[in-house]
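In: Generate coordinates for the sequence data below:
(chains A and B)
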Amino acid sequence: DAKTTQPPSMDCAEGRAANLPCNHSTISGNEYVYWYRQIHSQGPQYIIHGLKNNETNEMASLIITEDRKSSTLILPHATLRDTAVYYCIVRVGGGGADGLTFGKGTHLIIQP
Amino acid sequence: EPEVTQTPSHQVTQMGQEVILRCVPISNHLYFYWYRQILGQKVEFLVSFYNNEISEKSEIFDDQFSVERPDGSNFTLKIRSTKLEDSAMYFCASSAAGIRTDTQYFGPGTRLTVL
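Out: Numbers count the residues shown, from 1 in each chain, chains lettered A, B, ... in the order given. As a prediction, the model looks like this:
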């Protein structure tokens, strides 16, 4: 079973920041937080990951609380194309052969 | 930007037939994976492959499934005798080695329909 908890759905207005929360209260010290998204039935798309520091890339920002028990993915200026299911996954760093455990994710709907 | 590719995009087969799904991982990656997603359900891990052997497999990956890296570029999933419940999207993924670089990148998937 997934080690994360996410709201099943969220709405966000186009052009606004979308903030997607994730709880991972049992995360271990060597586990990273990964975010993927899946648009319709396409393959999951990697967004960002982090261990304990906040991270930013061209797609999103990841804010991890100091106790590492929760995190927030931020899409700074959401567009209609960001409508997708977003998955928060915890995984041991360097666990190359380990499969990812997907939960049900958050269905983010961007409203025009 | 390099990406994982999969063929075919859609495969229709009769129950009991064998199918082979093909994947070309990103060229410098060392770990390869197969996942499946039954319509309306979660993405599920099937198997991982490293150094020409299976590294990890889930309970779903039973004797009817096999994986192979027949050459330096392809990675295949074979289902020996397909069942109706094998109908699903099958995703291939690959990753490089290392702690910060073992992000898994997914292909677009193959939709398998078993009639």
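In: Okay, now the unreliable bits of chain A?
Out: Within chain A, the segments meeting pLDDT under 70 span A:1-2, A:95.
In: What sits closest to the residue nearest to the spatial centre of it if chain neighbours are left out?
Out: What sits nearest the mean C-alpha location of chain A, by Cα atoms, centre = their mean, is residue A:35, with 3.3 Å. In space, residue A:35 comes closest to residue A:47 once its chain neighbours are excluded; the distance is 4.3 Å by Cβ to Cβ, 6 or more residues apart in numbering or on different chains. C-beta here means a position set from N, CA and C on the backbone, and glycine is covered the same way.
In: what sits against the residue nearest to the centre of chain A?
Out: A:20, A:22, A:46-49, A:60, A:62, A:73, A:86-89 (Cβ atoms under 8 Å, 6 or more residues apart in numbering or on different chains).
In: List the strands paired with the helix or strand containing it, with their directions.
Out: Assigned by DSSP states H and E, residue A:35 belongs to strand A:31-38. Strand pairing for strand A:31-38, using DSSP bridges, gives strand A:45-50 (antiparallel), strand A:84-92 (antiparallel).
In: Looking at these, spot the one closest to residue B:20.
Out: Ranking the strands paired with strand A:31-38 by proximity to residue B:20 (Cβ to Cβ) places strand A:45-50 first, at 25.5 Å.
In: quick one: buried residues of the closest one?
Out: Applying a neighbour-count criterion of 16 or more other Cβ atoms under 10 Å in any protein chain shown, one finds A:45, A:46, A:47, A:48, A:49, A:50 buried in strand A:45-50.
In: Stretch B:103-115 too?
Out: B:103, B:104, B:105, B:106, B:107, B:108, B:109, B:110, B:111, B:112, B:114.
In: wait, which of the contacts of residue A:35 is closest to residue A:105?
Out: Nearest to residue A:105, judged by Cβ to Cβ, of these is residue A:87 at 4.2 Å.
In: How about residue 20: which residues does it bridge to?
Out: Because you didn't say which chain, this covers chain A. Per DSSP bridges, the residues bridged to residue A:20 are residue A:73.
In: The intended chain is chain B.
Out: residue B:78.
In: Can you give me every residue that contacts the most centrally placed residue in chain B?
Out: Of all residues in chain B, the one closest to the mean position by Cα atoms, centre = their mean is residue B:34, 3.0 Å from it. Taking Cβ under 8 Å, 6+ apart, we find residue B:34 in contact with B:21, B:23, B:46, B:47, B:67, B:77, B:90, B:91, B:92, B:93.
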